[in-house]
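Enquirer: Fold the following and give me the result.
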Amino acid sequence: MKIKQFEYKPLSHFSYAIISDGKMALVDPERNPLQYYKYAEENDAQIVAVFETHPHADFVSSHLQIHKETGAKIYCSKKTGADYPNASFDDGDEVSMGNTIFRAINTPGHSPDSITILANEENKTALFTGDTLFVGDVGRPDLREKAGHMKAKREELAKMMYETIQNKFTDLPDTAYVYPAHGAGSLCGKGMSEDASSSTLGNERVGNWAFKKQTEEQFVNHLLDSQPFIPHYFGYNVGINKNGAKNLRSSLGGIEYKLDIKEVNKGALIIDIRDESEFKKNHLPGSINVMATSETSKFETWLGSIVRPDEKFHLVVDSIENAEGVLQRTAKIGYETNVESVFTLDDKDLEKSMGFNLEDFKNNTENYTIVDIRNESEVADGKFFKSAITIPLHQLREKANEIPTNKPIVVHCAGGYRSAAGASILERELNVKKVFDLSDDVENFK
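Expert: Numbering: from 1, shown residues only. Next comes the predicted model:
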């Protein structure tokens, strides 16, 4: 049994290929399946199975496309209520592939339909735990109250997770490898280890808080406390994954590319993915700056947190050669169907952000309205400015009118990335020019 872990860093997502005797199975594949096809070719293996541990909220899976293109059978829990062709895979069900035997374990808690895939070959045991068991944590139980065909309350799911951790892994050996669907940085949990992408069951029994001796009440209270925010797109992705996503290539094929644009329809939503320095020099009025300037930037998360699933938008890129790359990233969360066009800007002056006098701000903070757009958990650890109005970035468009405009506005986050988006949102929503991004100068005030 050969196991390959694939990582998509911006969403802290792990997917897996398992090869045995020329056959290959996939677990929780991401939107673009080409990397799995390439791996199958390199190993002279045939893709015969796709296992979905549950309908994911934070990314769109390619299980249906893989089924159509390779003939691989999709396995998921009957409780999923999947609308794509599938074989039920629940407690007691087994699938043989080469010399490997896959067994289903129902492990509800993150969602009612979560399963763990147990793979056995000779003396090796591997657990593909999805969003149930992470390295150092377990999956959050509060994503299914407003999503999918099956709704469940967070308290009920937290209690299910307690039962799962108490009972579902009891008879498995300490040597069993643990391969989760996410690592540190994912919004599907709050306390994942930053030092490892996999573990063993023995290590988790010793080091994971969820395995500590505790009452159900203690477990539930800890699990529900201080979970991260829920982006707009999470419920939308659960629905897509239950239906099965469209073929990625055909879904991207109809999007228009345009060059040297200097205006769009009034009121259009424009997402400018360029670096903040370029955005501030020249941008279309009303644009929102959500940077996609590095392979690890959290573009997908913030796009899906700022833009709602029912909104159409345009994408601005620095060069048309980068259009396909940003569309691929947009499709990771199923938002490619919302894109009306991708374009570059005319070189002529459009709109320029006002320059920020940092020294004046340092000496006269009382002359500014300061907006702290960090998450609630971050603010709970302390404010940088006592007078700051706190509105998390994912709520800023909806709550912008709560911010007074009688003074210049300064927006800050924890490190600079989010404040570029925040300042551009307020400039758009409040229709004022004196909105400044503190950017990475926030380090001077910590």
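Enquirer: in the stretch 51-200 of the chain, which spans are helices?
Expert: Using DSSP state H, counting those that start in this stretch, the helices assigned to the stretch 51-200 of the chain run over residues 63-70, 154-167.
Enquirer: what's the first one packed up against?
Expert: Okay, so that is helix 63-70. Packing contacts for helix 63-70, counted by 3 or more C-beta pairs under 8 Å, 6 or more residues apart in numbering; DSSP states H and E, involve helix 34-42, strand 46-51, strand 73-76. No exception for glycine: its C-beta is placed from N, CA and C like everyone else's.
Enquirer: how about 7 Å then?
Expert: Judged by 3 or more C-beta pairs under 7 Å, 6 or more residues apart in numbering; DSSP states H and E, the packing partners of helix 63-70 are strand 46-51.
Enquirer: for the stretch 251-400 of the chain, what spans make up the strands?
Expert: Assigned by DSSP state E, counting those that start in this stretch, the stretch 251-400 of the chain shows strands spanning 256-261, 270-272, 288-289, 313-316, 339-345, 369-372, 389-390.
Enquirer: name the helices or strands packed onto the fourth one?
Expert: This points to strand 313-316. Helices and strands touching strand 313-316, by 3+ C-beta pairs under 7 Å, 6+ apart, are strand 270-272, strand 339-345.
Enquirer: Any idea how far that strand is from the middle of the chain?
Expert: Its chain's C-alpha centre and that of strand 313-316 lie 20 Å apart, by C-alpha atoms, centre = their mean, to the nearest Å.
Enquirer: so what strands line up beside that strand?
Expert: Here strand 313-316 is paired, per DSSP bridges, with strand 270-272 (parallel), strand 339-345 (parallel).
Enquirer: pLDDT (mean, whole number) over that strand?
Expert: In this model, strand 313-316 has a mean pLDDT of 98.
Enquirer: Which residues outside that strand are in contact with it?
Expert: Under the criterion C-beta atoms under 7 Å, 6 or more residues apart in numbering, residues 264, 268-274, 287, 307, 326, 338-343, 345 lie in contact with strand 313-316.
Enquirer: For the protein, name the helix or strand with the lowest mean pLDDT.
Expert: Every helix and strand in the chain was compared by mean pLDDT, DSSP states H and E; the lowest is helix 376-380, with a mean of 90.
Enquirer: Kindly tell me how buried E378 is, as a neighbour count.
Expert: For E378, the neighbour count with other C-beta atoms under 10 Å is 15.
Enquirer: That one and F385, how far apart?
Expert: Between E378 and F385 the computed distance is 14 Å (C-beta to C-beta, to the nearest Å).
Enquirer: now swap in V178 and tell me
Expert: V178 sits at a distance of 42 Å from F385 (criterion: C-beta to C-beta).
Enquirer: Those two - which one has more neighbours?
Expert: For V178 versus F385, the count of surrounding residues by other C-beta under 10 Å is larger for V178: 24 against 17.
Enquirer: Next one, pLDDT for that one please.
Expert: pLDDT, V178: 98.
Enquirer: I'd guessed it sits against L201; true?
Expert: Yes: if you go by C-beta atoms under 7 Å, V178 and L201 touch, sitting 5.8 Å apart.
Enquirer: how many neighbours does the nearest residue to A323 once chain neighbours are set aside have?
Expert: In this structure, A323 finds its nearest non-sequential neighbour in V342, 4.5 Å apart by C-beta to C-beta, 6 or more residues apart in numbering. V342: 22 surrounding residues under other C-beta under 10 Å.
Enquirer: hmm, back to that, identify whichever of the helices and strands packed on strand 313-316 lies nearest to R31.
Expert: strand 339-345 (14.4 Å; C-beta to C-beta).
Enquirer: Which residues does the closest one contact?
Expert: Here strand 339-345 makes contact (C-beta under 7 Å, 6+ apart) with 255-261, 282, 284, 312-317, 319-320, 323, 327, 330.
Enquirer: Got a PyMOL select line for the buried ones in those residues?
Expert: Burial among the contacts of strand 339-345 is assessed by 16 or more other C-beta atoms under 10 Å; the matching PyMOL selection reads:
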select buried, resi 255+261+282+284+313+314+315+316+317+323+327+330
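Enquirer: could I get stretch 61-68 in PDB with only the CA atoms?
Expert: Presented in PDB, the C-alpha positions along stretch 61-68 are these (Å, rounded to 0.1, in the frame of the first residue of the first chain):
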ATOM      1  CA  SER A  61     -14.300  18.200  -4.700                       C
ATOM      2  CA  SER A  62     -13.700  16.700  -8.100                       C
ATOM      3  CA  HIS A  63     -15.300  13.300  -7.300                       C
ATOM      4  CA  LEU A  64     -18.000  13.400 -10.000                       C
ATOM      5  CA  GLN A  65     -15.600  14.600 -12.700                       C
ATOM      6  CA  ILE A  66     -13.200  11.800 -11.800                       C
ATOM      7  CA  HIS A  67     -16.000   9.300 -11.900                       C
ATOM      8  CA  LYS A  68     -17.000  10.400 -15.400                       C
END
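Enquirer: Show the end-to-end separation of stretch 1-14, please.
Expert: End-to-end distance for stretch 1-14, by C-alpha to C-alpha, to the nearest Å: 18 Å.
Enquirer: Same question for stretch 210-219.
Expert: 7 Å.
Enquirer: Check stretch 22-34 too.
Expert: 18 Å.
Enquirer: Average pLDDT for that stretch, rounded please.
Expert: For stretch 22-34, mean pLDDT rounds to 98.
Enquirer: can you give me the strands in the stretch 51-200 of the chain?
Expert: Counting by DSSP E, counting those that start in this stretch, the strands of the stretch 51-200 of the chain are 73-76, 87-88, 94-97, 100-106, 115-121, 124-130, 177-180, 199-200.
Enquirer: okay, now V339: neighbour count?
Expert: V339 has 20 neighbouring residues, counting by other C-beta under 10 Å.
Enquirer: now N106
Expert: Residues near N106, counting by other C-beta under 10 Å, number 21.
Enquirer: Not counting sequence-adjacent ones, nearest residue to it?
Expert: Spatial nearest neighbour of N106, chain neighbours left out: D91 (4.9 Å); criterion: C-beta to C-beta, 6+ apart.
Enquirer: Okay, now the unreliable bits of the protein?
Expert: By pLDDT under 70, the weakly predicted segments of the chain are 146-152.
Enquirer: thinking again about what came up before, of the contacts of strand 313-316, which count as buried by neighbour count?
Expert: Among these, those scoring as buried are 264, 269-274, 287, 307, 326, 338-343, 345 (criterion: 16+ other C-beta under 10 Å).
Enquirer: which residues does N431 contact?
Expert: Neighbour list for N431: empty [criterion: C-beta under 7 Å, 6+ apart].
Enquirer: Then L64?
Expert: 84, 244-245.
Enquirer: again with K298
Expert: Going by C-beta under 7 Å, 6+ apart, K298 touches P10.
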